[in-house]
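Chemist: Turn this into a model:
(2 chains)
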Amino acid sequence: MEHMESDSSTRIIKETFPSEIVSIIGSIFAGVVLTILIIPFESFSVLILMVPAILSLRGNISGPFIARTSKDLIIGDFNFNTLIQNVCATIFLSLVISSLIGIISFFLNEFIFMVKAFSFLTFLIIPILSILLNLSISIPVSTFLNYIAFRYGLNVNNVVNPLMTAVDDFFSVFSFYLILILLGVP
Amino acid sequence: MLILSSLLGLISGTILSVNETILYSIPIILLTLPALNSLIGDISIVLVSRLSTHLYIGTLPPEITTTERLRQDFIGLFITIFLSFIALLSIGYTILFFSGKEIVNPLILIGILFLTVFMLFISLFIILFMLSIFLFRKNQDPTNILIPFTTSLIDLLTPLLLITLITIFL
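Modeler: Residues are numbered from 1 along each chain as shown, chains lettered A, B, ... in the order given. So this is what the prediction gives:
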């Protein structure tokens, strides 16, 4: 707890800025994947519809996961049970929300853009598989980073979130790209 | 909350899809958009996480008032976002330069990106502080509600503000 009490603005900058640089580099790579790998898809105008929702879901799901884990570590509640509960809730929420993203994207495309790019099933599967692939990397890495940051006396709130944004942003877009390739999306 | 945030994400996608030509003609926008969202999102998540922890351990009183703790958080996060913004632009334009893509009106675009980031940061700092206090008083953990709310709001507002400012100034 003394980590938080002795936190000055200088400490916030010292701990957050380096992680933010890593985050920016990761996100710029996500931007590079978007500009170089996703733009050439014929169905780009439909695919770009899902990208902010998938990136947003990544933040919405893994952000609270990291925040809950770091809070558990700081207040001394971190154990195997709380971790498992946190992981199960994260995966369940991801499945429900990514299915909704697929369904709503399908209807948005049907009624607004009317681009006959791919089937309903493809619309449904793209966000689900992209998110699951991303979580399989994000959950273990963020838990490990939270634990290590805490053990080395760093403020986990300042360090882990920006670092994980880099990992998550890049892998969200890259997983999305891999799933498009695997499903043979035009 | 998660459903609402996904809807906001899809609206953001619709804004991008409708303005597809801007994305093709000004490559720096698509290249830096995930990084801009991350930058504002990260700082907001750090802020919410810090506020929540401060409230739980009692280093911040659960009332809407300016304290030294809050001032330190504001200064720390403001300087961090400013330095990170400079780094983001440097990395973005370096990649753009070496990729051989067209660099369109760099000074105006830097101004637009600066306005977008700082308008969002200052307004979010005030809103998130007030909401954290409100939720904590209602015995809710601010992180569970505010992080999904903020990240999706940012994912919607960043492209919206960016495209609006580009339409006005370019």
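Chemist: Please make it C-alpha for all contacts and neighbour counts, starting now.
Modeler: OK.
Chemist: Please give the number of neighbouring residues around A:Phe123.
Modeler: 23 (other C-alpha atoms under 10 Å in any protein chain shown).
Chemist: can you pull the pLDDT of it?
Modeler: Looking at A:Phe123, its pLDDT is 91.
Chemist: Same question for A:His3.
Modeler: 53.
Chemist: what's the neighbour count on residue 58?
Modeler: Just so you know, I chose chain A. A:Arg58 has 24 nearby residues by other C-alpha under 10 Å.
Chemist: Actually, chain B is the one I wanted.
Modeler: If we define neighbours as other C-alpha under 10 Å, then B:Gly58 has 11 of them.
Chemist: Can you tell me how far it is from chain A?
Modeler: 9 Å (C-alpha to the nearest C-alpha, to the nearest Å).
Chemist: Need phi/psi at that residue.
Modeler: phi 90, psi 10 (degrees, to the nearest 10).
Chemist: any idea how far B:Arg69 is from it?
Modeler: B:Gly58 is 11 Å from B:Arg69, where distance means C-alpha to C-alpha, to the nearest Å.
Chemist: now B:Leu160
Modeler: Distance from B:Leu160 to B:Arg69, by C-alpha to C-alpha: 33 Å.
Chemist: can you check A:Arg11 too?
Modeler: The value you get for A:Arg11 to B:Arg69, if C-alpha to C-alpha is used, is 13 Å.
Chemist: What helix or strand is B:Met130 located in?
Modeler: helix B:106-137 (DSSP states H and E).
Chemist: and what of B:Gly41?
Modeler: Applying DSSP H and E, one finds B:Gly41 within helix B:27-57.
Chemist: Which of the residues in that helix are classified as buried?
Modeler: Residues of helix B:27-57 classed as buried: B:27-56 (neighbour count, 16 or more other C-alpha atoms under 10 Å in any protein chain shown).
Chemist: and if you look at stretch B:110-120?
Modeler: B:112-114, B:116-118, B:120.
Chemist: That one and chain A in contact?
Modeler: No - using C-alpha under 8 Å from any C-alpha of the partner chain, stretch B:110-120 stays clear of chain A, with a minimum separation of 13.8 Å.
Chemist: hmm, who's touching that stretch?
Modeler: B:36, B:40, B:85, B:89, B:154, B:158, B:161-162, B:165-166 (C-alpha atoms under 8 Å, 6 or more residues apart in numbering or on different chains).
Chemist: And the helix holding B:Gly41, what does it pack against?
Modeler: Counting contacts by 3 or more C-alpha pairs under 8 Å, 6 or more residues apart in numbering or on different chains; DSSP states H and E, helix B:27-57 is packed against helix A:9-32, helix A:44-75, helix A:156-183, helix B:68-99, helix B:106-137, helix B:142-169.
Chemist: In CSV, list the ones you listed along with distance to A:Ile131 and mean pLDDT.
Modeler: Below are the helices and strands packed on helix B:27-57 laid out as CSV (distance: least, C-alpha to C-alpha, whole Å; pLDDT from 0 to 100):
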stretch, distance to A:Ile131, mean pLDDT
helix A:9-32, 15, 84
helix A:44-75, 7, 82
helix A:156-183, 7, 85
helix B:68-99, 26, 91
helix B:106-137, 27, 93
helix B:142-169, 16, 85
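Chemist: Reformat these as JSON lines; add distance to A:Ile91.
Modeler: As requested, those are arranged in JSON lines below (distance: least, C-alpha to C-alpha, whole Å):
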{"stretch": "helix A:9-32", "distance to A:Ile91": "23"}
{"stretch": "helix A:44-75", "distance to A:Ile91": "9"}
{"stretch": "helix A:156-183", "distance to A:Ile91": "15"}
{"stretch": "helix B:68-99", "distance to A:Ile91": "31"}
{"stretch": "helix B:106-137", "distance to A:Ile91": "25"}
{"stretch": "helix B:142-169", "distance to A:Ile91": "15"}
